[in-house]
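> 3D, please:
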Amino acid sequence: MLLRIRQRIRRLVPRRFLTVDRSMEPTLVEGQGLIGVQWMRPAVGQLRTFEHPNRAGFWLVKRVAAVSGDSMIVESDNPHVGAVDSHQFGPVNVAGSYWVVVRVPQRWM
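As a prediction, this is how the structure comes out:
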């Protein structure tokens, strides 16, 4: 019981991210801050951050295009800039992903 409570509390601890490219324009701009939490199941249309499946320690932010069980298909909003998404690396595991709950305006960064 105590372990479950700890896991649920840990999910609510926010994590900060910073966009470093143009793959999500016009929704997000380069240099914009994000705050995410490990809460809720992903839903189509949601912005999620997750660790790149082939590059440990490298995080991506993408829009959820589909959810199936414990995996999700993610896509860039701006694929014309050479963005990397599920078209290149396939479905992404939902575990460990963060739901973007706050988009910090670039002027505040």
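> my read is that Ser97 contacts Ser71, right?
No - Ser97 lies out of contact with Ser71 (CB atoms under 8 Å); the separation is 10.3 Å. C-betas here are computed from N, CA, C, even on glycine.
> between the two, which one's more packed in?
Shown here are Ser97 and Ser71; by other CB atoms under 10 Å, Ser97 has more neighbours (23 against 16).
> gap between the more buried one and Trp108?
Separation of Ser97 from Trp108 (CB to CB, to the nearest Å): 25 Å.
> so where's the longest strand in this structure?
strand 59-68 (DSSP state E).
> restrict that one to CA atoms and write it as PDB.
In PDB, the C-alpha atoms belonging to strand 59-68 read as follows (Å, rounded to 0.1, in the frame of the first residue of the first chain):
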ATOM      1  CA  TRP A  59      14.300  13.500 -24.800                       C
ATOM      2  CA  LEU A  60      11.700  14.400 -27.400                       C
ATOM      3  CA  VAL A  61       8.400  16.200 -27.300                       C
ATOM      4  CA  LYS A  62       5.800  15.100 -29.800                       C
ATOM      5  CA  ARG A  63       2.000  14.900 -30.400                       C
ATOM      6  CA  VAL A  64       0.200  11.600 -29.700                       C
ATOM      7  CA  ALA A  65      -1.300  10.300 -32.900                       C
ATOM      8  CA  ALA A  66      -2.500   6.900 -31.700                       C
ATOM      9  CA  VAL A  67      -2.500   4.800 -28.500                       C
ATOM     10  CA  SER A  68      -2.600   1.000 -28.400                       C
END
